[in-house]
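Colleague: got a predicted model here, sequence first, then my questions.
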There are 2 protein chains.
Amino acid sequence: MDYYPGSIRNLIRTLARLPGIGQKTAERLAMHILQQPVEEANQLARSIVDLKKRLRLCSCCFSLSDDDLCRICRDPSRDNGLVCVVEQPADMASIEKSGAFNGRYHILGGCLSPMDGVGPEDIRITELTHRVQKEGVSEIILATGTNVEGESTAAYIAGILSPLGVKVSRIASGVPMGGDLKYVDQVTLKRAMESRHGI
Amino acid sequence: MDYYPGSIRNLIRTLARLPGIGQKTAERLAMHILQQPVEEANQLARSIVDLKKRLRLCSCCFSLSDDDLCRICRDPSRDNGLVCVVEQPADMASIEKSGAFNGRYHILGGCLSPMDGVGPEDIRITELTHRVQKEGVSEIILATGTNVEGESTAAYIAGILSPLGVKVSRIASGVPMGGDLKYVDQVTLKRAMESRHGI
């Protein structure tokens, strides 16, 4: 990269550390930023700094927020009795995009993974039991991932919560909508078969 | 995007304006930046601001540089008699990567394109003739693009330079190395046939 001056090399190197951005893309992005008006490039820089400065976790559900409580926890039209438990803020965003849920969330911040040394005290399970006890939650929907870690996290939380007398449910697994059966893996098909229901 | 707080929405919107970065990728990048240590995110912001602040054009060849003269123009081991004319700094970077050239460059900043209102006075042709007259250049290699605009720009510059008594050459066109003949377009094949040489 010697053919670029230091300031471009720096930016290319930094951009290439982002996920999914290789050397070539980083070069293309740097060249684009170079040709942008100063104001636009500065805005990009500012929004990166702002993000790290302003963003914190909602004190109730631990999702990303610019304030003490996130938009969803502040929303009076949300059903306080329903709490959907997810691993990461991005999972919450996916469920919100689907528009299928009108309750509130609880972000664990990960899932149980003994291989990586992540135990029950490393994700926000205690905080979840506190919420169940204090907030009069009627149903907890476990929407952790459907991989091994996500499944065992859901099973573990269900075991913790059941003595508290709250209804605990798990999102359904099966063949994705619009999916072609021949491309669906066997574990999913087995699950879809086991969870079949009358129509 | 209402499910993200304002500071993330801002960053996603700004990132999604970059070329080749769509909404999904912008979200993924923002989430990554969010999880980076503050120092790393700030460094990304700083290198963007730095780039716009420090970078200028080399006063001799008009390539990108952090100083008055670029690294190549300052390099005494470069052959001052050879000047390769390219459209953009990225073209120069490509030739440098190939390692096939040890002279200096001249960056036009574009190519003639009457359709877009780009005439000879809009690209750095006058500056090139000055260099030829002042710097004792022995050969000008025209490495503009091989599309219609690049070809006509090369032809135009050759016409301007030939009265100055300097040797003017054009990079060869033909079948790319490692290319399969059946995938090569007809114009390229025609050119490769016309420019055939004894072996």
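Modeller: Perfect, thanks for sending it.

Colleague: low-confidence ranges in chain A?
Modeller: A:1-2 (pLDDT under 70).

Colleague: which stretches of it form strands?
Modeller: A:56-57, A:64-65, A:82-86, A:104-107, A:139-142, A:167-170 (DSSP state E).

Colleague: contacting residues around A:Leu18?
Modeller: Shown in contact with A:Leu18 (CB atoms under 8 Å, 6 or more residues apart in numbering or on different chains): A:26, B:29, B:32-33. (Glycine included, C-beta is placed from N, CA and C.)

Colleague: angles on the backbone of the residue nearest to A:Val184 when sequence neighbours are not counted, please.
Modeller: Leaving aside its chain neighbours, A:Val184 sits nearest to A:Val175 (5.2 Å; criterion: CB to CB, 6 or more residues apart in numbering or on different chains). As for A:Val175, its main-chain torsions (degrees, to the nearest 10) stand at phi -70, psi 130.

Colleague: show the contacting residues for A:Val175.
Modeller: Contacts of A:Val175 (CB under 8 Å, 6+ apart): A:181, A:184, A:188-189, A:192.

Colleague: same check, this time on A:Gln133
Modeller: A:Gln133 is in contact with A:Leu164, counting by CB under 8 Å, 6+ apart.

Colleague: gap between it and A:Ile157?
Modeller: According to CB to CB, to the nearest Å, A:Gln133 stands 14 Å off from A:Ile157.

Colleague: same check on A:Ile95?
Modeller: The value you get for A:Ile95 to A:Ile157, if CB to CB is used, is 17 Å.

Colleague: pop the domain breakdown of chain A in here.
Modeller: Following automatic domain parsing, one finds the domains of chain A at A:6-54, A:75-170.

Colleague: pull the distance from the last one to the chain's centre.
Modeller: Looking back up the chat, that one is domain A:75-170. On the basis of CA atoms, centre = their mean, to the nearest Å, domain A:75-170 sits 11 Å off its chain's mean C-alpha point.

Colleague: burial measure for the nearest residue to A:Leu55 once chain neighbours are set aside, as a count.
Modeller: Excluding its sequence neighbours, the residue lying closest to A:Leu55 (CB to CB, 6+ apart) is B:Ser7, at 5.3 Å. Using other CB atoms under 10 Å in any protein chain shown, B:Ser7 has 22 neighbouring residues.

Colleague: next: A:Ser152.
Modeller: Around A:Ser152 there are 15 residues (other CB under 10 Å).

Colleague: what residues are up against it?
Modeller: Residues in contact with A:Ser152, defined by CB under 8 Å, 6+ apart, are A:111-112.

Colleague: equivalent analysis for A:Cys111, please.
Modeller: Applying CB under 8 Å, 6+ apart to A:Cys111 gives the contacts A:87, A:118, A:123, A:144-145, A:149-150, A:152-153.

Colleague: now do the contacts for the closest residue to A:Asp122 other than its chain neighbours.
Modeller: Distances taken as CB to CB, 6+ apart put A:Gly110 closest to A:Asp122, at 6.7 Å, once the chain neighbours are dropped. Counting by CB under 8 Å, 6+ apart, A:Gly110 makes contact with A:87-88, A:118, A:122-123.
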